[in-house]
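Peer 1: Predicted model and sequence below, questions to follow.
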Amino acid sequence: MNYDLLIRNATLVDGTGAPPRTGGVAISGDRIELAGELNGARGRIEIDANGKVLAPGFIDVHTHDDRLLLSDPAMLPKLLQGVTTVVTGNCGISLAPSPPSAPPPLDLLDDSGTWYRFDTFDAYAAALADARPATNCVALVGHSTLRVRAMDRLDRAASAAEIAAMRAELDAALGAGATGMSAGPYYAPAAAASTEELIEVARPLAAHRGIFTIHMRNEHDGVLVSIDETLAIGRALGVPVVISHHKVAGQKSHGRSVETLAKIAAAMRAQPVALDCYPYCASSTVLIAEGVRYASRVIVTWSRSHPECSGLDLKVAAERLGLPVEQAIAALQPAGAVYFVMDEADVQRILAFGATMIGSDGLPHDPHPHPRLWGTFPRVLGHYARDLALFSLETAVHKMTGLSAARFGLADRGVIRPGAIADLVIFDAATVHDSANFEHPTRAPLGIDTVIVAGQLAVAGGKATGAREGRLITGRVRVDDPAWAG
Ligand SMILES: [Zn+2]
């Protein structure tokens, strides 16, 4: 039997968390036909992966790539890390269905406003199909986006009519291929939304087997209360909830991941709960005084009024502007920042927690972005799994593949087995390394030489080939899966 593509002699890490074994895969079209023993099979193209790891393509469960997929469909920051699928529309912010304006933090996706041009989710899905991005997309609809669309002012709870309008739009989007709804009550556009509003807007999720993700209202002093709110939303809707980029921020909260993870572990026995994390001690989002207050150091990632300040420490930027820090924050607006607010021990505890998936939360349009955009996946594999031995290689891969696909209900993804879609990555476990740092945040990683999307070589020899096989994937969650209990 002749196959389109054959990969031999690899260290197979199949995404399930099972220990590595020696073997390969045979691919026809976009599917894996053989996995493990190849029994003399031949391929039109053959790759000898001797000494390298063959794993499922990584799934970045937390991104803001809604527009990057359209404006830079090569998707290099993700593809070169071995990411083959991105989950978009997080933190309440999605490009579709587009609102008439983009107040912060919606401007993280588009500071000009011109990309907010999709009146329906269908129109966005059609644009994705036209753009043919290099990675797959799993799309969430943002509650804040729906709010800006439905409401004349955002500093109050939504009325019954406004809730009905948002709910109808979510229902239509889920019917057109969206996988769930994200919420971001931490941010101004949704801060006035009650728990009840979040539940009532998200009602259609259950019928569509959609997922609910949330950038919680409070990730510092009030983090335990926010976890309770998240769990209550999940129970009221009967759907899985994802605690996005879980952290305990601010010095006063350092160490409290012991409590938050105990609470999450207990809740998992009663309802489906998931969480994701990025492997850094600093967060990043729009520049706001509230965020600066909790941080030991702040770096300006962009400023529309003072673009010359991007990449500078906020203190240095304030000196250059000749202003006290508080006034500099106002003068730099609209702007983004990196905030050093987490403790390394908490980051490691959360990363190592069994149910934690890996998501980058990268901000692709920032001129001086947080290095998580280019470094998240190799940093988990190299720094945390290999160098610090925080967990095994197969656990690291599981957290970025099989676990993520199961949680988001992505059929035939995230695992290497016959019948699965051939989204794959080959990397050198001994050398894989994140090169991006806070000073040089857009450096490509090392040690990841081959990436395959839907059976086609998207990266070969560490370079993008130009193949663009990504598509919109719709996840349908399985609430009754016993794996939810951890
Ligand atoms: Zn967020």
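Peer 2: Structure's in. What do you need?

Peer 1: For the chain, what lies in contact range of the ion?
Peer 2: 91, 215 (C-beta under 5 Å from the ion). Every C-beta, even on glycine, is put in place using the N, C-alpha and C of the backbone.

Peer 1: What segments of the stretch 101-250 of the chain are strands?
Peer 2: 136-142, 180-183, 211-214, 241-243 (DSSP state E, counting those that start in this stretch).

Peer 1: Could you check which residue of the stretch 351-486 of the chain lies nearest the ion?
Peer 2: Residue of the stretch 351-486 of the chain nearest the ion, by C-beta to the ion: residue 361 (6.3 Å).

Peer 1: Which residues are in contact with that residue?
Peer 2: Residue 361 makes contact with 62-64, 90, 244-245, 278, 284, 370, 372 under the criterion C-beta atoms under 8 Å, 6 or more residues apart in numbering.

Peer 1: likewise residue 125?
Peer 2: Contacts for residue 125 (C-beta under 8 Å, 6+ apart) come out as 139, 176-177, 472.

Peer 1: and what of residue 139?
Peer 2: Shown in contact with residue 139 (C-beta under 8 Å, 6+ apart): 66, 87-89, 94, 96, 121, 124-125, 177-179, 472.

Peer 1: 6 Å - rerun?
Peer 2: Counting by C-beta atoms under 6 Å, 6 or more residues apart in numbering, residue 139 touches 88-89, 178.

Peer 1: which one of those is nearest residue 460?
Peer 2: Taking C-beta to C-beta as the measure, residue 460 lies nearest residue 88 of the contacts of residue 139, at 26.1 Å.

Peer 1: quick one, what contacts residue 44?
Peer 2: residue 4.

Peer 1: ok but it is inside a helix, no?
Peer 2: No. Residue 44: not assigned to a helix; according to DSSP: H, G, I helix; E, B strand; the rest coil it is strand.

Peer 1: mind checking how far it is from the ion?
Peer 2: 44 Å (C-beta to the ion, to the nearest Å).

Peer 1: how close does that residue sit to residue 464?
Peer 2: Counting by C-beta to C-beta, to the nearest Å, the gap from residue 44 to residue 464 is 21 Å.

Peer 1: Next, give phi and psi for the residue of the stretch 351-486 of the chain closest to the ion.
Peer 2: When read as degrees, to the nearest 10, the backbone of residue 361 gives phi 60, psi 20.

Peer 1: what's the burial count for the residue of the stretch 1-150 of the chain found nearest the ion?
Peer 2: When scored by C-beta to the ion, the stretch 1-150 of the chain has residue 91 as its residue closest to the ion, at 3.4 Å. The number of residues packed near residue 91 is 28, by other C-beta atoms under 10 Å.

Peer 1: Check it and give its pLDDT.
Peer 2: According to the prediction, residue 91 has pLDDT 98.

Peer 1: thought it was touching residue 184?
Peer 2: Yes. At 4.2 Å, residue 91 counts as touching residue 184 under the criterion of C-beta atoms under 6 Å.

Peer 1: What helix or strand is the residue nearest to residue 12 when sequence neighbours are not counted located in?
Peer 2: Leaving aside its sequence neighbours, residue 12 sits nearest to residue 23 (C-beta to C-beta, 6 or more residues apart in numbering; 4.5 Å). In this assignment (DSSP states H and E), residue 23 forms part of strand 21-28.

Peer 1: Packing partners of that strand?
Peer 2: strand 2-12, strand 31-36 (3 or more C-beta pairs under 6 Å, 6 or more residues apart in numbering; DSSP states H and E).

Peer 1: Next, the angle from it to strand 2-12.
Peer 2: If you take axes from the mean of the first three to the mean of the last three C-alpha atoms, to 10 degrees, strand 21-28 sits at 160 degrees to strand 2-12.

Peer 1: strands paired with strand 21-28, and their directions?
Peer 2: In the sheet, strand 21-28 lines up against strand 2-12 (antiparallel), strand 31-36 (antiparallel) (DSSP bridges).

Peer 1: What strands flank the helix or strand harbouring residue 47, and is each parallel or antiparallel?
Peer 2: If you go by DSSP H and E, residue 47 is part of strand 42-48. Paired neighbours of strand 42-48 in the sheet (DSSP bridges): strand 2-12 (parallel).

Peer 1: If you count neighbours, what's buried in the partner strand?
Peer 2: Buried positions in strand 2-12, judged by neighbour count with 16 or more other C-beta atoms under 10 Å: 3-12.

Peer 1: Repeat that for stretch 219-239.
Peer 2: Buried residues in stretch 219-239 (16+ other C-beta under 10 Å): 219-220, 223, 226-227, 229-231, 233-234, 236-237, 239.

Peer 1: right, and out of those, which lies closest to the ion?
Peer 2: residue 219 (8.8 Å).

Peer 1: quick revisit: and which of the contacts of residue 361 is nearest to residue 436?
Peer 2: Nearest member of the contacts of residue 361 to residue 436, counting by C-beta to C-beta, is residue 372, at 8.0 Å.
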